[in-house]
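In: My questions concern the predicted model and sequence given below.
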Amino acid sequence: MFEVIGERINTSRKLVQAAVADRNADYIIDDVKKQQDAGANFIDVNAGARIGHEKEDMCWLLDTIQPIATVPLTLDSPDPTILEMAFLMVEKTPMINSISLEKDRFDTMMPFLEGKECKVIALCMDDSGMPISSDDIANRATALVESLNKIGIPTASIYIDPLVQPISTDVNKGTMVLNAVRAIKNSFPQVHITGGLSNISYGLPQRKMINRTFVTLMMDAGMDSAIIDPLDSKIMATIRTVDMLLGKDSFCMEYLKGVRSGMIQS
Ligand code: THG
């Protein structure tokens, strides 16, 4: 079944930033509990937005969240030193977000990840920037999977983020990433596909309509995880319904549970 990575503990969100600045643990604890109750399978923790404070903010967030976390954490930072510190602090084996093909990041992340059991998100990003075609995305995914396999990370622990780009800048950005996901899953049936979805709708109105329609297409292509807001009940209901329609929900049990709880409505 689809794995939801709850995105809300991110200091780029105003209320979270204020709670972190004020060391308001109750706010953070309440938010994490809500995400877990709504069905998050992982809780993403990103402390990157208060420049110069990432290290102590990440430490405080992890100390605050861990005692009440019932699911593993997704440690989210572009800075390998933050990820190393965070990795040592967590009790449950985390998901690392992320490695990429950008040389500096790749070269410091590889020795850190070598032999570790964690799950890892691998971005299809390199020093030339965002991918420009389906082949480009798929080739970067292949390079990431092969490098990670070499240091002992099994394909089933790798979550490829193909990097969704705004459809408002180029109407082909949807099919570009959809075709890439199909190609990646064809080469590596065991690999997971994840990522943020909301970039697809950047610059357009009624973004949630676009995001939840897009997740349906992405799931058909092979996406089996995403970094989203689990308190958005419409996207959660869509995801659960698509899982059923794609044959991932035996006897439609999870769908029926969602209907009975009121989470899924016409
Ligand atoms: N891939 C990977 N990791 C990621 C991303 C990705 N981590 C960060 C981000 N993208 C996903 N997380 C968030 C968290 C919060 C919001 C969006 C993405 C969010 N945004 C509000 C909005 O867009 O309207 C604005 C913030 C606010 O509330 O002020 O909430 O792609 N691997």
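Out: In hand now; what should we look at? All figures in this text were calculated on a predicted structure; none of them were measured in a lab.
In: residue contacts, the residue of the stretch 151-266 of the chain found nearest the ligand?
Out: The nearest approach of the stretch 151-266 of the chain to the ligand comes at residue 196, 2.7 Å away (C-beta to the nearest ligand atom). Every residue, glycine included, has its C-beta placed from N, CA and C. Counting by C-beta atoms under 8 Å, 6 or more residues apart in numbering, residue 196 touches 7, 161, 164, 226-228.
In: Give me the phi and psi angles of it.
Out: phi -80, psi 150 (degrees, to the nearest 10).
In: So which bits of the chain are right by the ligand?
Out: The chain comes close to the ligand at residues 7, 10, 12-14, 46, 76, 97-98, 121, 123, 161, 195-196, 198, 227, as judged by C-beta under 6 Å from any ligand atom.
In: Among the residues you listed, which lie within helices?
Out: residue 14 (DSSP state H).
In: Out of the residues of the chain next to the ligand, which sit inside strands?
Out: Residues of these located in strands (DSSP state E): 7, 10, 46, 76, 97-98, 121, 123, 161, 227.
In: Just the pLDDT for the residue nearest the centre of the chain.
Out: Note on the chain: the residue nearest the mean C-alpha position is residue 227, at 3.5 Å, using C-alpha atoms, centre = their mean. pLDDT for residue 227: 98.
In: show me the contacts for it.
Out: Residue 227 neighbours (C-beta under 8 Å, 6+ apart): 5, 7, 44, 74, 97, 194-197.
In: average pLDDT for stretch 55-74?
Out: Rounded mean pLDDT across stretch 55-74 is 98.
In: Quick one: end-to-end distance for that stretch.
Out: 16 Å (C-alpha to C-alpha, to the nearest Å).
In: what's the answer for stretch 115-135, then?
Out: Using C-alpha to C-alpha, the two ends of stretch 115-135 sit 29 Å apart.
In: Return the set of buried residues in it.
Out: 116, 118-126, 131, 134 (16 or more other C-beta atoms under 10 Å).
In: quick one: average pLDDT of stretch 169-187?
Out: Rounded mean pLDDT across stretch 169-187 is 98.
In: For the stretch 1-150 of the chain, which segments are assigned as helices?
Out: 14-21, 25-37, 54-65, 80-89, 103-113, 134-150 (DSSP state H, counting those that start in this stretch).
In: Spatially nearest residue to residue 126, not counting backbone neighbours?
Out: residue 101 (3.8 Å; C-beta to C-beta, 6 or more residues apart in numbering).
In: ok, back up a step: would you list the buried residues of stretch 115-135 in CSV and tack on pLDDT?
Out: As requested, the buried residues of stretch 115-135 are exported to CSV (pLDDT from 0 to 100):
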residue, pLDDT
116, 92
118, 95
119, 98
120, 98
121, 98
122, 98
123, 98
124, 98
125, 98
126, 98
131, 97
134, 98
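In: Let's have those residues in JSON lines, adding distance to residue 108.
Out: Compiled in JSON lines, those are given as follows (distance: C-beta to C-beta, whole Å):
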{"residue": "116", "distance to residue 108": "14"}
{"residue": "118", "distance to residue 108": "16"}
{"residue": "119", "distance to residue 108": "19"}
{"residue": "120", "distance to residue 108": "14"}
{"residue": "121", "distance to residue 108": "16"}
{"residue": "122", "distance to residue 108": "15"}
{"residue": "123", "distance to residue 108": "15"}
{"residue": "124", "distance to residue 108": "19"}
{"residue": "125", "distance to residue 108": "15"}
{"residue": "126", "distance to residue 108": "15"}
{"residue": "131", "distance to residue 108": "22"}
{"residue": "134", "distance to residue 108": "29"}
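In: What is the nearest of the residues you listed to the ligand?
Out: residue 121 (4.6 Å).
In: quick one: residue 21 and residue 49 touch, right?
Out: No - here residue 21 lies out of contact with residue 49, judged by C-beta atoms under 8 Å, at a distance of 10.4 Å.
In: Which one of these two is surrounded by more residues?
Out: Using other C-beta atoms under 10 Å as the criterion, residue 21 and residue 49 rank with residue 49 on top: 16 against 12.
In: Excluding chain neighbours, give the residue nearest to the more buried one in space.
Out: residue 11 (3.7 Å).
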